[in-house]
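*Asks:* here you go, sequence then predicted model.
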Amino acid sequence: MSNLRSLALAAVLSLGTSALAHADGTVTGSWKLSVGVDDAPCTLNLVAGPTATAGEATPSSDCGDGLAAIAHWKASGRGIQLYSANDELVAWLNPKADAYVGNRLSDGRKIALNR
């Protein structure tokens, strides 16, 4: 029974650290950010902070439709949470292939991050 617990604990720790590595290795950098299906994307740069699971988010000047309010990000499991400068959650995105998709909390519109 002790071996089973040890194995289960090792599996949980392994999955947790792989999620952190996923967040740091593929989340940081430049992304195309879009709202809805027909909106032209703008650029959102995600920079890792001291913990590598959160950091600064810098939208380009052409990010309209409330997207300019995004100021930082945080990894949550395999997903990404985007926050305003006032620490209000703007969107919670989940991985989908090579992108992250979710909904904006203020109005429920689809948000996507693509490379």
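*Replies:* On my side now, so go ahead.
*Asks:* following the worst-scoring helix or strand of the chain on mean pLDDT, which helix or strand comes up?
*Replies:* For the chain, using mean pLDDT, DSSP states H and E, the weakest element among its helices and strands is helix 2-27, scoring a mean of 45. Toward the C-terminus, helix 2-27 is succeeded by strand 29-35 as the next helix or strand (DSSP states H and E).
*Asks:* that next one pairs with which strands, parallel or anti?
*Replies:* Counting by DSSP bridges, the strands paired with strand 29-35 are strand 42-48 (antiparallel), strand 110-114 (antiparallel).
*Asks:* among these, pick out the one with the most neighbours on average.
*Replies:* Here the criterion is mean neighbour count by mean count of other Cβ atoms under 10 Å, and of these the winner is strand 110-114, at a mean of 19. All C-beta atoms are positioned from the backbone trio N, CA, C, and that covers glycine.
*Asks:* how far off centre is it?
*Replies:* In terms of Cα atoms, centre = their mean, to the nearest Å, the gap separating the centre of strand 110-114 from the centre of its chain is 10 Å.
*Asks:* pLDDT weak spots in the chain?
*Replies:* Across the chain, residues meeting the criterion (pLDDT under 70) sit at 1-25.
*Asks:* from Asp38, how far out is the residue nearest the centre of it?
*Replies:* Closest residue to the average C-alpha location of the chain: Ile80 at 2.2 Å, with Cα atoms, centre = their mean. Relative to Asp38, Ile80 is positioned 23 Å away (criterion: Cβ to Cβ, to the nearest Å).
*Asks:* Ile70 and Gln81 touch, don't they?
*Replies:* No - the pair Ile70 and Gln81 does not pass the contact test of Cβ atoms under 8 Å, sitting 10.5 Å apart.
*Asks:* out of those two, which sits in the busier spot?
*Replies:* Taking neighbours as other Cβ atoms under 10 Å, Ile70 and Gln81 compare with Ile70 leading, 22 against 17.
*Asks:* quick check, Ile111 in contact with Leu93.
*Replies:* Yes - counting by Cβ under 8 Å, Leu93 is a contact partner of Ile111 at 6.5 Å.
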